[in-house]
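Asker: Could you work out the structure for the sequence below:
(2 chains)
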Amino acid sequence: MIGDIPVWLAALVSGLAVFGALLTLLGCVGLLRFETFYRRIHAPTLGTSFGAIGVLLSSAVYFSATSHRFLVHEILIFLFISVTTPITLTLLARAALYRDRVEENDPTR
Amino acid sequence: MSQDILDWGLLAAQAMLGLAMAATFYRIAAGPRAQDRIVALDALYTVAMLMLVTFGIRTGNSLYFEVALLIGLLGFVGTVALAKFLMRGEVIE
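Answerer: Take a look at the predicted model:
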């Protein structure tokens, strides 16, 4: 650890980290419990949107309090996640729909 | 005092992220079809990235961010390649 930080700042950092981790955990439990593929594909986006925002914001607050570092890493990671997740999930849903049509399964099942 | 709050909060966050990784591992092992496994792998990449960010806060080292960025990049490329493989049956045409 680099330096001492006040109590409210430590509480803010750990609260944001726990918030983000809790949302990510909820998303992965949804991935575990939903029944069909088309329902399952929605659940992990909870982790890639607000879960990532919570954890990265906590890291940004902590590092701007302890060391004088510009928070470009967190912004870069969040931009990258929020741009790439819709692309991958759209491609994956289209591939799954194509496979279901070829095999003549009912996608709405 | 503030060190204790930080330590326990980060430990709780890491435990939750570990449980999330266990859930995605179960879906990778037991997913009924290939697309379920790929969605779970994508979620696993994201959770591992957030786990590395929490490790970075805990150690106060900014080296972990480079690794997190790298994991995000490789996860995107890998998932797109796997989705294309499911669609066409081959990655490079």
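
Asker: What sits closest to residue 7 if chain neighbours are left out?
Answerer: In the absence of a named chain, chain A is used. In space, and not counting its chain neighbours, A:Val7 is closest to B:Ser2: 4.7 Å by C-beta to C-beta, 6 or more residues apart in numbering or on different chains. In this view, the C-beta of every residue, glycine as well, is placed from N, C-alpha and C.

Asker: I was after chain B.
Answerer: Spatial nearest neighbour of B:Asp7, excluding adjacent residues (C-beta to C-beta, 6+ apart): B:Arg58 at 7.8 Å.

Asker: isn't the one you found right up against B:Leu10?
Answerer: Yes - counting by C-beta atoms under 8 Å, B:Arg58 touches B:Leu10, with 5.2 Å between them.

Asker: With neighbour numbers in mind, choose between these two.
Answerer: The neighbour comparison of B:Arg58 against B:Leu10 (other C-beta atoms under 10 Å in any protein chain shown) goes to B:Leu10, with 22 against 18.

Asker: The more buried one and chain A, how far apart?
Answerer: With distances taken as C-beta to the nearest C-beta, to the nearest Å, B:Leu10 is found 6 Å from chain A.

Asker: Contact partners for that residue?
Answerer: Taking C-beta atoms under 8 Å, 6 or more residues apart in numbering or on different chains, we find B:Leu10 in contact with A:14, A:17, B:54, B:57-58.

Asker: same thing but 10 Å
Answerer: A:10, A:13-14, A:17-18, A:21, A:58, A:62, B:54-55, B:57-58 (C-beta atoms under 10 Å, 6 or more residues apart in numbering or on different chains).

Asker: Would you mind reformatting these (as a markdown table) and adding columns for pLDDT and distance to A:Phe50 while you're at it?
Answerer: Output for the contacts of B:Leu10, formatted as a markdown table (pLDDT from 0 to 100; distance: C-beta to C-beta, whole Å):
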| residue | pLDDT | distance to A:Phe50 |
| --- | --- | --- |
| A:Ala10 | 88 | 22 |
| A:Val13 | 90 | 17 |
| A:Ser14 | 91 | 17 |
| A:Ala17 | 93 | 13 |
| A:Val18 | 94 | 13 |
| A:Ala21 | 94 | 11 |
| A:Ser58 | 91 | 13 |
| A:Tyr62 | 88 | 19 |
| B:Thr54 | 92 | 16 |
| B:Phe55 | 91 | 21 |
| B:Ile57 | 88 | 18 |
| B:Arg58 | 88 | 22 |
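
Asker: Good, wrapping up.
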